[in-house]
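> sharing a model that was predicted from the sequence below.
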Amino acid sequence: MNKADYTILKKFYGSLDNQLQVASKRKDRSILVNYFSITSNSAHRILLNSSIKSYGINNRILRNLIDKGYIKSLEIRNQYVITPLGIWEIEKIDKIINEYSLIESISNKYFNFFNRDVSLSDKEKLILFTLISMRCFSTGSSVDLKRNQRSLDKLKVVIEKNYTFLKSFKILKKLKADEIFGAKSNEHPVSNLIRHSDNLPKRSKSIYRVQQPQKYFLELSSNEGIDTEDLAYILWLVFRKSITSTNYTEILNYLNTIVYDMAKYIFDINEHKFLKPEYDYLLNDSITEYFRNISKWESEISN
């Protein structure tokens, strides 16, 4: 690319860079990589605000940049924006990014489903434990944020109880009681908490599932009832090494008590098949699986 073309294209790049910073969306050194984490609506708005009028730009340079696909026109007359190809060209020339670093970024965001980073936030631990406590082990026995107000209100009570229980085990290190559900808004507090769990599927070996429009569950249902080893893995994600031979009965008693006390207010009991005594024993089996596999799981993340 000649110097004149580069100078004009860099102006388009700089305009987009400025708009990203104004919108507090500039998180990565590469604008191209930065765009991976921006919602479609935000990306569209920021791009529109970065447009530059063609007045004062040499027609030959303008036509050259358009022909190479580095900029494109908007519906608004004589206004242009930089394209991904144009961003790529500038960032290659300025040595911000290359093919290898771009592929690595794509790999880390979209292909790294089996990474060893299983450290969960306090909110993520609380969400997983809540699904365990209500035995949300299939799509038919899921937390449905669209069910009704009464269901969500009772689920809020469950989450608060679970928070207190996990705090007593020192599982939740940083989360304060008044921070569980985030800032007050028109959205139900439970919905505000659970909807923001985008990382849980890949951090839980896809055991944590989301079914549209807003159903959340652990995919544990099997021919034998539930997959106890997978449930043990979720328990490990929440408790790590904190379940012991002296406290596991307290955990089981809590889980069996709260589900029978609260599930009838949250689910259609005729559809919630896991609310039966036989699943109490399977929960106990999952603790056995926890002790059997904990060394393996701990070693997998340390190697």
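Yep, that arrived.

> what comes up buried for stretch 26-44?
Going by neighbour count (16 or more other CB atoms under 10 Å), the buried part of stretch 26-44 is 26, 28, 30, 31, 32, 33, 34, 35, 38, 43. To be clear about C-beta, it is placed using only N, CA and C from the backbone, and glycine gets the same treatment.

> the second one should be in a helix, yeah?
Same thing as residue 28. No - using DSSP: H, G, I helix; E, B strand; the rest coil, the assignment for residue 28 is coil, not a helix.

> and for residue 283, the neighbour number?
21 (other CB atoms under 10 Å).

> wait, it sits on residue 255?
Yes - look at residue 283 against residue 255 with CB atoms under 8 Å: they come within range, at 6.1 Å.

> quick one on the thing from earlier: let me have the buried residues of stretch 26-44 in a markdown table, extended by distance to residue 69 and pLDDT.
Compiled in a markdown table, the buried residues of stretch 26-44 are given as follows (distance: CB to CB, whole Å; pLDDT from 0 to 100):
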| residue | distance to residue 69 | pLDDT |
| --- | --- | --- |
| 26 | 24 | 77 |
| 28 | 23 | 79 |
| 30 | 19 | 89 |
| 31 | 17 | 90 |
| 32 | 14 | 90 |
| 33 | 20 | 87 |
| 34 | 20 | 84 |
| 35 | 17 | 84 |
| 38 | 21 | 81 |
| 43 | 18 | 86 |
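
> so which pair among those residues is furthest apart in space?
Pairwise distances across these peak at 14.7 Å for 30 and 43 (criterion: CB to CB).

> which per-residue confidence value corresponds to residue 56?
You'll see residue 56 listed with a pLDDT of 87.

> need the three-state assignment for it.
With three-state DSSP as the criterion, residue 56 reads coil.

> what secondary structure does the residue nearest the centre of the chain sit in?
Geometric centre of the chain, nearest residue: residue 198, 1.6 Å, by CA atoms, centre = their mean. Classification of residue 198 by three-state DSSP places it in coil.

> now do the contacts for it.
Neighbouring residues of residue 198 by CB atoms under 8 Å, 6 or more residues apart in numbering: there are none.

> what of residue 241?
294, 298.

> surely it is within a helix?
No - Residue 241 is assigned coil when assessed by three-state DSSP, not a helix.

> for it, what are phi and psi?
When quoted as degrees, to the nearest 10, the phi and psi of residue 241 stand at phi -100, psi 20.

> any idea how far residue 51 is from it?
Using CB to CB, to the nearest Å, residue 241 is found at 55 Å from residue 51.

> equivalent analysis for residue 240, please.
From residue 240 to residue 51 the distance is 50 Å (CB to CB).

> higher neighbour count, the two?
Taking other CB under 10 Å, residue 240 and residue 51 do not tie; residue 51 has more neighbours (20 against 17).

> quick check: the more buried one touching residue 78?
No - the criterion here is CB under 8 Å, and residue 51 misses it with residue 78 at 9.8 Å.

> residue 235: which element?
Per DSSP states H and E: residue 235 is located in helix 228-239.

> give the other helices and strands that that helix contacts.
Applying 3 or more CB pairs under 8 Å, 6 or more residues apart in numbering; DSSP states H and E, we find helix 228-239 packed against helix 122-133, strand 215-218, helix 277-302.

> so can I have JSON lines of these showing distance to residue 178?
Shown next, in JSON lines, are the helices and strands packed on helix 228-239 (distance: least, CB to CB, whole Å):
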{"stretch": "helix 122-133", "distance to residue 178": "13"}
{"stretch": "strand 215-218", "distance to residue 178": "23"}
{"stretch": "helix 277-302", "distance to residue 178": "31"}
